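Asker: Pasting a predicted model and its sequence here:
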Amino acid sequence: MRAALYPRVSTEEQHINGLSLPAQKKALEEYALAHGYEIVGVYADEGISARKPVMKRPALLRLLEDVKKDKIDIILVTKLDRWFRNIKEYHITQEILEAHHCHWKTIYENYDTSTANGQMVVNIMLSVAQSESDRTSERIKTVFRYKESQGMVPTGMCAPYGYRINGAKKIEKDPETRPIVEDAIDFYFTWFSKYRTFDYLCEKYGEQAPTFNQVDRIFKNSKYLGEWKGNPNYCEPYMTREQARQLKSIKDSRTSTAEGYHYIFAGLLRCPVCGCVLTGYRKVHHNKNGGTSVYRRYRCQPKYNRHSAPNITESVVEKYLITHVVEQLTREVLEAQRRKIQKKKDPAAALRAERDRLNNMYLKGRISEEYYDDRYAELTEKINQYQAVIEIEPKDYAVLQHKFSGDWLSLYNGLDNLHKQAFWKGVIKEVRFDEKTHKIKDFSFLV
């Protein structure tokens, strides 16, 4: 009979005696030779759990393909739990084996699937194995959750670029790569482009520079914010809370086309219908004189739910912002100063004065005790309500005021598209459109 050998170990079983791949393979080979089987192949799944679906067990997939080609008569495994710990996946595989008259056998256990009683025994043992696997998995998850809450590193997890694992099994900043990560973050919040940040690091640090995937994860992995799995103080952060908020509000989008054109307002224009970021594109207009004119425009390109949306020329957006930006900034600064002055005033001062007068009137016998108690309780409640209100601090516009000071427009007009793009991404959070007219409605500052 043509026999296929199927040894399997999961990650946590790698170092347990008797379960290693070499030990299983040796036992299966000896059994096959002792029974006169012809070994046609060894299909080993290493680091794969028996709970995994068949589609995620590469060696088992190859094994089943050879079964479908009628190359195998019997499959040898050491124990049932090496074969399956999932009843559903077992029956899916069993259908394939039966269709091609292929059998399986455990060399350390005695199972017979040719009878109804034997099939029942297999189902019972698989249920037990699946239940045991579930309990083990839950225990492991509980241990991991505890480690995460204590800022510790779960088994098998590597530290992200810029961090290292110390003796207490916690991640800390790596002195060797820390300057590179800090440099990457500073550069990104100047240009707001991961690709430019990566190019900058490669040029500056050469072979020591991180890969693009590592740079990308710096701005996606919550550990760089000091957070992980619900623990806000998991490790020392690289980014400040303000940078985290800014990163959340700025979504990278395609900033250049195949011809290398940089769209100035990429990622800043938002569709009023679906909320998606408008995409830049190139529109060519053929003139009557035979020439052509190229316009850079922005439009919404939803994959589903087609709808009428803004389609606006880049120069129109630029003209609108240049015309209104200083006016709106001045208005918001004055409003912030007004709120700051109001905050300095004590809104409960008049109420406290009235309560003092109430006390004097009661002491002089001019009001009844019942009236005093009711009015005193009412005033006290209002005073407490004022004290409980948490006022929002006025936004800090100092950085924006500096950018729009002096002859800023002349300096702006001297920039190329790439630098204009960086300028607006450091100033504007988003530009909003009217849902009916599709014209620019307003915009908000990045403060």
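Answerer: It's in.
Asker: Extract the residue ranges of the stretch 101-250 of the chain that are flagged as low pLDDT.
Answerer: For the stretch 101-250 of the chain, applying pLDDT under 70 flags the ranges 112-116, 118, 129-134, 136-137, 140-141, 143-144, 148, 155-156, 249-250.
Asker: show me where it has helices.
Answerer: With DSSP state H, counting those that start in this stretch, the ranges of helices along the stretch 101-250 of the chain come out as 116-149, 178-191, 194-205, 212-218, 241-249.
Asker: List the contacts of the second one.
Answerer: Okay, so that is helix 178-191. Identification of contacts with helix 178-191 by C-beta atoms under 8 Å, 6 or more residues apart in numbering yields 161-162, 194, 196-197, 200-201, 204-205, 208-210, 215, 218-219, 224, 238-239, 243, 246, 422, 426. C-beta coordinates here come from the backbone N, C-alpha and C atoms, glycine included.
Asker: cutoff 7 Å now
Answerer: With C-beta atoms under 7 Å, 6 or more residues apart in numbering as the test, helix 178-191 has contacts from 161-162, 194, 197, 200-201, 205, 210, 215, 218-219, 238-239, 243, 246, 422.
Asker: same thing with the last one?
Answerer: The contact list for helix 241-249 (C-beta under 7 Å, 6+ apart) reads Phe189, Phe219, Leu225, Lys429, Leu446.
Asker: From those residues, pick the one nearest Glu65.
Answerer: Phe219 (41.4 Å; C-beta to C-beta).
Asker: For Arg357, see how far away Phe445 is.
Answerer: For Phe445, the distance to Arg357 (C-beta to C-beta, to the nearest Å) stands at 46 Å.
Asker: and if you look at Asp442?
Answerer: Counting by C-beta to C-beta, the separation of Asp442 from Arg357 is 47 Å.
Asker: The two: which has the busier surroundings?
Answerer: Asp442 (12 against 9; other C-beta atoms under 10 Å).
Asker: looking at it, the more buried one is touching Glu430, isn't it?
Answerer: No. In this structure, Asp442 is not within contact of Glu430 by C-beta atoms under 7 Å, at 9.7 Å.
Asker: anything in contact with each of those two?
Answerer: Listed contacts common to Asp442 and Glu430 are nil; contacts here mean C-beta under 7 Å, 6+ apart.
Asker: What are the buried residues along stretch 21-41?
Answerer: Burial within stretch 21-41, assessed by neighbour count using 16 or more other C-beta atoms under 10 Å, is assigned to Leu21, Gln24, Lys25, Ala27, Leu28, Glu29, Tyr31, Ala32, Tyr37.
Asker: which of those residues lies closest to Ala353?
Answerer: Ala353 has its nearest neighbour among those in Leu21, at 84.1 Å by C-beta to C-beta.
Asker: Kindly provide the distance from that closest one to Gly406.
Answerer: 71 Å.
Asker: mind putting the helices of the stretch 101-250 of the chain in CSV, mean neighbour count and distance to Leu61 included?
Answerer: Formatted as CSV, the helices of the stretch 101-250 of the chain follow (neighbours: other C-beta atoms under 10 Å; distance: least, C-beta to C-beta, whole Å):
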stretch, mean neighbour count, distance to Leu61
helix 116-149, 14, 20
helix 178-191, 18, 40
helix 194-205, 17, 36
helix 212-218, 17, 27
helix 241-249, 14, 40
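Asker: quick revisit: hmm, which two among the contacts of helix 241-249 are most spread apart?
Answerer: By the measure C-beta to C-beta, Leu225 and Lys429 form the most distant pair in the contacts of helix 241-249, at 19.4 Å.
Asker: who's more crowded, those two?
Answerer: Neighbour totals were compared for Leu225 and Lys429, and Leu225 leads with 19 against 16 (other C-beta under 10 Å).
Asker: give the contact list for that one.
Answerer: Leu225 touches Pro237, Met239, Ala244, counting by C-beta under 7 Å, 6+ apart.
Asker: try 10 Å this time
Answerer: By C-beta atoms under 10 Å, 6 or more residues apart in numbering, the residues touching Leu225 are Pro232, Tyr234, Cys235, Pro237, Tyr238, Met239, Thr240, Arg241, Gln243, Ala244, Leu247, Lys248.
Asker: Which members of the residues you listed are the farthest-apart pair?
Answerer: Pairwise distances among the contacts of Leu225 were taken by C-beta to C-beta; the largest, 19.4 Å, belongs to Cys235 and Lys248.
Asker: quick one, what contacts the residue positioned nearest the centre of the chain?
Answerer: When C-alpha atoms, centre = their mean is applied to the chain, the residue found nearest the centroid is Lys220 (5.7 Å). Contact analysis of Lys220 by C-beta under 10 Å, 6+ apart lists Lys194, Leu247.
Asker: how close does it sit to Asn213?
Answerer: From Lys220 to Asn213 the distance is 10 Å (C-beta to C-beta).
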